[in-house]
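Enquirer: task: produce atomic coordinates for the following.
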Amino acid sequence: MKQIVVLSFMLVVMAGCFKPVLYLQNKTHYPVDVFYENQRPERPFDPLEDLTIKDEVPLTGRQSGNGRMLSRGNDMQQKELMLSRLTVQAKKLGADALVAVKYTYYTSATENGYVMTGLAVKYKKEYAVEN
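Expert: This next block holds a predicted model:
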């Protein structure tokens, strides 16, 4: 009985050491359909144009202040903003979807860099088959 109480107490104490994580299931709506590198639309499509967004930005004090490579990269909001910019470019071309979307991140001693690419595509017209 004493072991169960001690074990329960240890679990409660250890659970207090970890920050709870809540993953929201909100799906962002973009002006075109988005398919990542390992996904493909079910509809046939014609390619329009390869699109790329890239940038390099200096490290913030939080990212470089301790001399270690902690807190590097973009957070989820920044990635969604990049994807939004890419989908707006695709929509301006008349695309219905963005396929093979890929995000690459790199860092140096002084800068963060990223590249997001995707292929803007137009869905082919589907015709009804008559018997």
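
Enquirer: in the longest helix anywhere in the chain, what's buried?
Expert: Longest helix in the chain, counting residues (DSSP state H): helix 76-92. Across helix 76-92, burial judged by 16 or more other C-beta atoms under 10 Å covers Met82, Leu83, Leu86, Thr87, Gln89, Ala90. Glycine gets a C-beta too; all of them are placed from N, C-alpha and C.

Enquirer: which strands and helices sit next to it?
Expert: strand 45-58, strand 97-107, strand 111-123 (3 or more C-beta pairs under 8 Å, 6 or more residues apart in numbering; DSSP states H and E).

Enquirer: so which of the ones you listed is nearest Asn38?
Expert: Closest to Asn38 of the helices and strands packed on helix 76-92 is strand 97-107 (C-beta to C-beta; 9.1 Å).

Enquirer: quick one, the closest one and strand 45-58 angle?
Expert: Inter-element angle recorded for strand 97-107 and strand 45-58: 20 degrees (by axes from the mean of the first three to the mean of the last three C-alpha atoms, to 10 degrees).

Enquirer: which other helices and strands contact strand 97-107?
Expert: Packing partners of strand 97-107 (3+ C-beta pairs under 8 Å, 6+ apart): strand 33-36, strand 45-58, helix 76-92, strand 111-123.

Enquirer: show me what the mean pLDDT comes to for it.
Expert: Averaged across strand 97-107, pLDDT comes to 91.

Enquirer: on that earlier part again, what does the longest helix of the chain contact?
Expert: Residues outside helix 76-92 that contact it (C-beta atoms under 8 Å, 6 or more residues apart in numbering): 28, 30-32, 34, 48, 51, 53, 74, 97-98, 101, 103, 114, 116, 118, 120.
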